[in-house]
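model this:
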Amino acid sequence: MSKETSVSGLKGWIGYRPEIKVLDCTIRDGGLMNDHRFEDDFVRAVYNADSAGGVDFMEIGYKASKKAFKRSEHGTWKFCEEADMRKIVGEKKTGAKISLMADAERTDYHEDIPAREKSVVDLIRVATYIHQIPTALDMIKDAHAKGYETTLNLMALSTVPEAELDGALELLAESPVNAVYVVDSFGNMYSEHIRHYVKKFLHFLKPAGKDVGIHAHNNLQLAFANTIEAVILGANYVDASIAGLGRGAGNCQMELILNFLHNPKFKMRPILECIQNTVEPMREELRWGFAIPYMITGCLNRHPKAAMDFMEGANYRDVVKFYDQIVEEQ
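Got it, this is the predicted structure:
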């Protein structure tokens, strides 16, 4: 056994299931911190690290509607044009599969998502709020008809009434979707919440032959712990980002979850090189990761946008001021 495989190569360990797929959302989720304005070299470095590290999918960005969003106000990876993606992965991919996120009601999917054989993309991830489920289901059907793998991220799960969630899961079980994600959008979930949702999702989806995924945020420093909990319970799709780079408090850290999964196909060194040379130099500029303002919005089950705005200001260390402001708005 080589030194590299010995990091994550212990078969029989609780995290080891060869069917688990890891998706890197560094560029897509991290793009929410800089309006998706990553340079090509940055994106290419992440892709190369994922490919060398054995990561299954790299989410390269959004497929946003050019009618709803102005190109002048957002970077390349908000729209993910085919030519731009090919600059990163080349004409023939040999590494990590490529995924795109398409928001319900914010993507002109009929026109802007081509047939699979005309694209470097392998997986379409539909992101939806509960009231957008009819549109999301049509997007899933459209993507499958074009030849893509598909998953669905059900956002703001902590705000969804149980009866509505049950109804949505029944519909998703009947759809062609490959996997449905438990999404801790506000980073406010504890292990008991993860257990509740993963078990519920499995109850509806597993009999239909569909997988469950986990997408965690780190507002309460629980993204890694909650991802572990979901994996132990049977989630087979795992989202993570390099050095945790993602919206606000960030996501489950790739370097942590790869070690936990103990699959010898995963290699740590390429990920660490990307952290050292590419991602960490961006931290002071983007200010992602655990911080008290993000903790406050997590505790209050609030979207982190207010905390993100506060963290961009000169007084971002005045956390008492931010707390008073948020409590007054409750």
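
For the stretch 201-330 of the chain, just list every one of the helices.
Shown for the stretch 201-330 of the chain, the helices assigned by DSSP state H, counting those that start in this stretch span residues 223-233, 254-261, 268-274, 283-286, 292-299, 305-311, 319-329.

Repeat that for the stretch 1-150 of the chain.
Ranges of helices within the stretch 1-150 of the chain are 3-6, 26-30, 40-53, 82-89, 109-112, 133-145, based on DSSP H, counting those that start in this stretch.

Compare the ones you listed and give me the one nearest Gly244.
Proximity to Gly244 (CB to CB) singles out helix 26-30 among the helices of the stretch 1-150 of the chain, at 8.9 Å. (C-beta placed from N, C-alpha, C; glycine too.)

Give me the buried positions along the closest one.
26-30 (16 or more other CB atoms under 10 Å).

mean confidence for it?
Averaging pLDDT along helix 26-30 yields 98.

where in the stretch 1-150 of the chain is pLDDT low?
For the stretch 1-150 of the chain, the stretches with pLDDT under 70 are 1-15, 92-93.

could I get the helices of the stretch 201-330 of the chain as TSV with mean pLDDT and mean neighbour count?
Below are the helices of the stretch 201-330 of the chain laid out as TSV (pLDDT from 0 to 100; neighbours: other CB atoms under 10 Å):
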stretch	mean pLDDT	mean neighbour count
helix 223-233	97	22
helix 254-261	96	22
helix 268-274	97	19
helix 283-286	90	12
helix 292-299	90	22
helix 305-311	88	18
helix 319-329	88	13
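
can you put those in TSV and add distance to Glu162?
Below are the helices of the stretch 201-330 of the chain laid out as TSV (distance: least, CB to CB, whole Å):
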stretch	distance to Glu162
helix 223-233	18
helix 254-261	29
helix 268-274	38
helix 283-286	36
helix 292-299	21
helix 305-311	26
helix 319-329	27
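
Does Gly248 touch Phe310 like I think?
No. At 10.5 Å, Gly248 does not count as touching Phe310 under the criterion of CB atoms under 8 Å.

Outline the domain layout of this protein.
What automatic domain parsing lists as the domains of the chain is 3-285, 291-329.

Determine which stretch of those domains is the most buried.
Ranked by mean neighbour count, these are led by domain 3-285 with a mean of 19 (mean count of other CB atoms under 10 Å).

how far out from the middle of the chain is that one?
Relative to its chain's centre, domain 3-285 lies at 3 Å (CA atoms, centre = their mean, to the nearest Å).

give me every residue that touches Asn178.
149-151, 210-211 (CB atoms under 8 Å, 6 or more residues apart in numbering).

Tabulate the residues you listed (JSON lines), appending distance to Asp324.
Listed next are the contacts of Asn178 as JSON lines, based on distance: CB to CB, whole Å:
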{"residue": "Glu149", "distance to Asp324": "46"}
{"residue": "Thr150", "distance to Asp324": "44"}
{"residue": "Thr151", "distance to Asp324": "40"}
{"residue": "Lys210", "distance to Asp324": "45"}
{"residue": "Asp211", "distance to Asp324": "43"}
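
Of those, just say which sits nearest to Glu170.
Lys210 (12.1 Å).

I'd guessed the closest one sits against Val177; true?
Yes. Counting by CB under 8 Å, Val177 is a contact partner of Lys210 at 6.4 Å.

How about residues contacting stretch 306-322?
33, 247-248, 287, 291-294, 296-297, 325-326.

and if you look at stretch 223-231?
If you take CB under 8 Å, 6+ apart as the criterion, stretch 223-231 is touched by 15, 17, 20, 182, 184, 187, 189-191, 194-195, 198, 212, 214, 216-218, 238-240, 244, 249-253, 256-257, 260-261.

For Asp324, give its distance to Met311.
16 Å (CB to CB, to the nearest Å).

Let me see the contact set for the residue positioned nearest the centre of the chain.
Most central in the chain under CA atoms, centre = their mean is Cys25, positioned 4.5 Å from the mean C-alpha point. Residues near Cys25 by CB under 8 Å, 6+ apart: 59, 215, 239-241, 246, 251.

Among the residues you listed, which lie within strands?
59, 215, 239-240 (DSSP state E).

Those into CSV, with extra columns for distance to Lys206?
Output for these, formatted as CSV (distance: CB to CB, whole Å):
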residue, distance to Lys206
Glu59, 24
His215, 19
Asp239, 19
Ala240, 23
